[in-house]
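Participant: pasting the sequence and the predicted coordinates here, then a few questions.
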Amino acid sequence: MTIRMYDLAGADPAVRFSPYCWRIRMALAHKGLAVETIPWRFTDKSAISFSGQGAVPVIRDGETVLHDSWAIAEYLDAHYADRPKLMDGPQGRALANFARYFAQLVFSPIAFKAVILDLYAAIDESDRDYFRQSREARVGKTLEAFAIGEDEARAQMRPALSPLRALLQEQPFINGDAPAFADYCMLGGFMWARGVSAKKLIAEDDPVYAWRERMLDLFDGLGRKAPAVGA
Ligand SMILES: N[C@@H](CCC(=O)N[C@@H](CS)C(=O)NCC(=O)O)C(=O)O
């Protein structure tokens, strides 16, 4: 049975930009599982109320309903144990957990400032008031005052990504020779930025850029073919 996933969409329903949903899109492809995605908007809380909370990704797999990208990845490995592992054993899990926190706590805060106005422009009209109010309350200033430009974003991103850069000079993927959930957690952040913004957050000669290119090509170009504002 095909898994159904509620997936954050922009004004253009084909543009999907949630970093957490992208983790799971990649994870499902890694496991060779088919998915039907349902475009969802921030204010569409009633559509996912059956999950008991208000954020995506939410998946329905037969009778099973799950939310939270980490919990979904753990479920996929446990329930589809005969398929390629997303997190191979306790060490694979620990590596993926580090990658998710690195993505959330190092990459995302810089990317958020860089893309926030592009993100605001890309979301559906019906989501704009909610997005502005909730995010301005979170960051304590207007979106406009919070935003930074492309040059500033790259200047902040370059040193912040040093550990990732050093790692990717030694191996093709965060997980080693082949990608796994650690890589999908990090890629989610880049797919978020790419989905809504044309800003280039890293230089083309950066090993992180080359990794991102490899990631975009995985699974018959799942990431690269996704409709996006950026390249
Ligand atoms: N920890 C959750 C975070 C999910 C999350 O925050 N999703 C965002 C979209 S990127 C969302 O649905 N936000 C709803 C809102 O802001 O109201 C996960 O890993 O799935």
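Facilitator: Noted; the coordinates are in hand. Residues are numbered from 1 along each chain as shown.
Participant: can you give me the domain assignment for this structure?
Facilitator: Domain ranges of the chain: 3-79, 89-221, per automatic domain parsing.
Participant: give the burial count for P159, as a bare number.
Facilitator: If you count neighbours by other Cβ atoms under 10 Å, P159 ends up with 8. No exception for glycine: its C-beta is placed from N, CA and C like everyone else's.
Participant: now the host helix or strand of M191: average pLDDT?
Facilitator: Per DSSP states H and E: M191 is located in helix 181-196. The average pLDDT within helix 181-196 is 98.
Participant: quick check: next helix or strand after that helix?
Facilitator: Heading C-terminal from helix 181-196 (DSSP H and E), you reach helix 207-221.
Participant: report the inter-axis angle for that next one versus helix 181-196.
Facilitator: Angle, helix 207-221 to helix 181-196, by axes from the mean of the first three to the mean of the last three Cα atoms, to 10 degrees: 90 degrees.
Participant: so which bits of helix 207-221 are buried?
Facilitator: Going by neighbour count (16 or more other Cβ atoms under 10 Å), the buried part of helix 207-221 is 207-209, 211-212, 215-216, 218-219.
Participant: what's the answer for stretch 132-139, then?
Facilitator: R135.
Participant: looking at it now, give me its mean pLDDT.
Facilitator: The average pLDDT for stretch 132-139 rounds to 98.
Participant: distance of D206 from the ligand?
Facilitator: For D206, the distance to the ligand equals 25 Å [Cβ to the nearest ligand atom, to the nearest Å].
Participant: check which element follows the helix or strand encompassing S134 along the chain.
Facilitator: Assigned by DSSP H and E, S134 belongs to helix 125-139. Downstream of helix 125-139, the next assigned helix or strand under DSSP H and E is helix 143-146.
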